[in-house]
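Undergrad: only geometry, no sequence info:
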């Protein structure tokens, strides 16, 4: 059984606690800048890139808080060489506190590895869905590895992206 990465949010969506898996997962994925002692007390939305992604997550949090019931959402949390299929559960522990559990369901190798960098300042970045991790290329949302294969030559640098929520994931919010 896979351990879950768990964190708690207060009524202002500030991170008020994490479990021990948080730091283990962060360190194993190059996340030295998001270790628990650096993120406790910070707003969750400071760590979410892209306005449409923030709105998507805000919608999920409100759906859990307002009627006070659990919300579950599948998503991907990929590394350059792994597709990680995840599930997020948002559990209202009290009117003031939400618990978010992120559990890996399965993983698959990505060939070739795909490297991205968030770069909202360039004129024509690729759009990457924050939920399914597909990339918009020529009006079609593709897997990153398919994008690499369709380019004239493999990119020498990480692919510049901005984060969005693709139409498929947006319409399957529930």
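TA: Nice, I can see it. Keep in mind it's a predicted model, so treat the numbers as computed, not measured. Numbering: from 1, shown residues only.

Undergrad: What segments of this protein are helices?
TA: Taking DSSP state H, the helices of the chain run over residues 20-28, 36-39, 51-65, 144-150, 167-171.

Undergrad: okay, those helices in JSON lines with mean pLDDT, mean neighbour count and distance to residue 10 next?
TA: In this view, the C-beta of every residue, glycine as well, is placed from N, C-alpha and C. Rendered in JSON lines, the data for the helices of the chain read as follows (pLDDT from 0 to 100; neighbours: other CB atoms under 10 Å; distance: least, CB to CB, whole Å):
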{"stretch": "helix 20-28", "mean pLDDT": "95", "mean neighbour count": "15", "distance to residue 10": "17"}
{"stretch": "helix 36-39", "mean pLDDT": "98", "mean neighbour count": "14", "distance to residue 10": "13"}
{"stretch": "helix 51-65", "mean pLDDT": "95", "mean neighbour count": "17", "distance to residue 10": "11"}
{"stretch": "helix 144-150", "mean pLDDT": "90", "mean neighbour count": "17", "distance to residue 10": "35"}
{"stretch": "helix 167-171", "mean pLDDT": "93", "mean neighbour count": "14", "distance to residue 10": "27"}
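
Undergrad: Any chance of those helices in a markdown table with distance to residue 131 as columns?
TA: A markdown table is the format used below for the helices of the chain (distance: least, CB to CB, whole Å):
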| stretch | distance to residue 131 |
| --- | --- |
| helix 20-28 | 19 |
| helix 36-39 | 22 |
| helix 51-65 | 7 |
| helix 144-150 | 14 |
| helix 167-171 | 4 |
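
Undergrad: wait, which of those helices is closest to residue 113?
TA: helix 144-150 (8.3 Å; CB to CB).

Undergrad: looking at the chain, which helix or strand does the model trust least?
TA: Every helix and strand of the chain was ranked by mean pLDDT, DSSP states H and E. The lowest is helix 144-150, at a mean of 90.
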